[in-house]
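K.L.:
Let's see this in three dimensions:
(chains A and B)
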Amino acid sequence: MSEFATLASPYSMPAALHGDVDLTDPEGKTRSRALNQFLAGVELKAFKMAQAALRNEDDALDAVQDAMLQLARAYASRPAEEWKPLFYRILENRIRDMQRRRTVRGRVFAWLPFRGEDDQDEPDPISQAPSPELQPVRRLELDEAVGALEKALGALPRRQQQAFLLRTLEGLDVAETAAAMGCSEGSVKTHYFRAVQALRAQLGDLYV
Amino acid sequence: MSPVNETATEFERNARVVLERSLSRIDARTRSRLNQARQAALEAASRRHPRWLRGTTLMPAGAVAAALLLAVVLWHREPAGVEMPLPEAQGSSMEDIDLLADSEALDLLEGWDGPFYEWAASQTDAIGESNG
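P.N.:
You can find the predicted model right below:
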């Protein structure tokens, strides 16, 4: 299947149901709470996925924020069990838009004599500090494994990376992953299998 | 299950542990921004008008348009619908309507300067008498 054959009818985005839910009435408030809970549960994973694809923290945050907004505005009325594949589908579309825009911007800037070296701000050491909940040695091992896995993930083709993260990190099943990726279940299995093969070839068995 | 699959499962399990560890390394600033983004999304969703109101958002414009249409229809129907008291007076009544409908005549009426016209008439009469 083509890399971008994502708009085939069975996998296309369902129509947005503007106006079918009112988050200010009692039923709407319950739904709003459920939506809040859902978004809180996926935001970190979504950020990691966006970061792996975009390799830029701010862009990843923007992509996740846009996906949250679109889900809340257009799909809050959908059954809650549909939110996860929908959310990741929206996020993937947003990531792809940003990648395209970045490609165009790169082409334009390639013609300019001076290219700004912005976004080189000093990282804030306090905000960058990891949460201290593990023993130092164990943490160090895991951190090394995280670095190696993130690097290997970054080298994967986008669809393989997406299939691997949706299945392994988010825990979606094949059907949900197919809905999120906008492709067939067979394609998901193929992308996922290739991703695992490539990662294992690079990382070994990743014993941690 | 084949050994290959068993290894793959083990690999996936380890990968999941590593990826979850990577989530715990996300810094406080990013977590805060994600939280803000979530609140903004929920706020945006709740700011939308209630369903019963959404169908009426264009009501004022529609009401104005309907009122204008009604006024135009009545304006055009009014001359035909006016009951004239006497058949011989119908012609003069129609002239009155024409006069009223004539914006220039209304302008003249609004700009009526009675004392000036009375003075002009008296001047004309005085000239006529002196000549006669």
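K.L.:
can you give me the helices for chain A?
P.N.:
Remark: helices assigned in chain A by DSSP state H are A:26-54, A:57-74, A:83-110, A:136-154, A:158-164, A:174-181, A:185-203.
K.L.:
rank those by mean pLDDT and give me the bottom one.
P.N.:
Mean pLDDT values for the helices of chain A show the minimum at helix A:136-154, a mean of 84.
K.L.:
so, in contact with chain B or not, that helix?
P.N.:
Yes - using CB under 8 Å from any CB of the partner chain, helix A:136-154 reaches chain B at A:142-143, A:145-146, A:149-150. Quick note: C-beta positions are derived from backbone N, CA and C, even for glycine.
K.L.:
Could you pull out the buried residues of that helix?
P.N.:
By 16 or more other CB atoms under 10 Å in any protein chain shown, the buried positions in helix A:136-154 come out as A:139, A:141-143, A:145-146, A:148-150, A:152-153.
K.L.:
How many residues are close by residue A:170?
P.N.:
Using other CB atoms under 10 Å in any protein chain shown, residue A:170 has 21 other residues around it.
K.L.:
Just give the closest residue to it, not the sequence neighbours.
P.N.:
Spatially, and ignoring its direct neighbours in sequence, residue A:170 is nearest to residue A:45 (5.3 Å; CB to CB, 6 or more residues apart in numbering or on different chains).
K.L.:
do the same with residue B:15
P.N.:
In this structure, residue B:15 finds its nearest non-sequential neighbour in residue A:168, 5.3 Å apart by CB to CB, 6+ apart.
K.L.:
That neighbour: what's it in contact with?
P.N.:
Contact partners of residue A:168, counting by CB atoms under 8 Å, 6 or more residues apart in numbering or on different chains, are B:12, B:15-16, B:19.
K.L.:
Now for those residues, which sits with the most neighbours around it?
P.N.:
residue B:15 (27 neighbours).
K.L.:
quick one: the residue nearest to the spatial centre of chain A from chain B, how far?
P.N.:
The centre of chain A sits closest to residue A:49, judged by CA atoms, centre = their mean, with a distance of 3.3 Å. Look at residue A:49 and chain B: by CB to the nearest CB, to the nearest Å, they are 10 Å apart.
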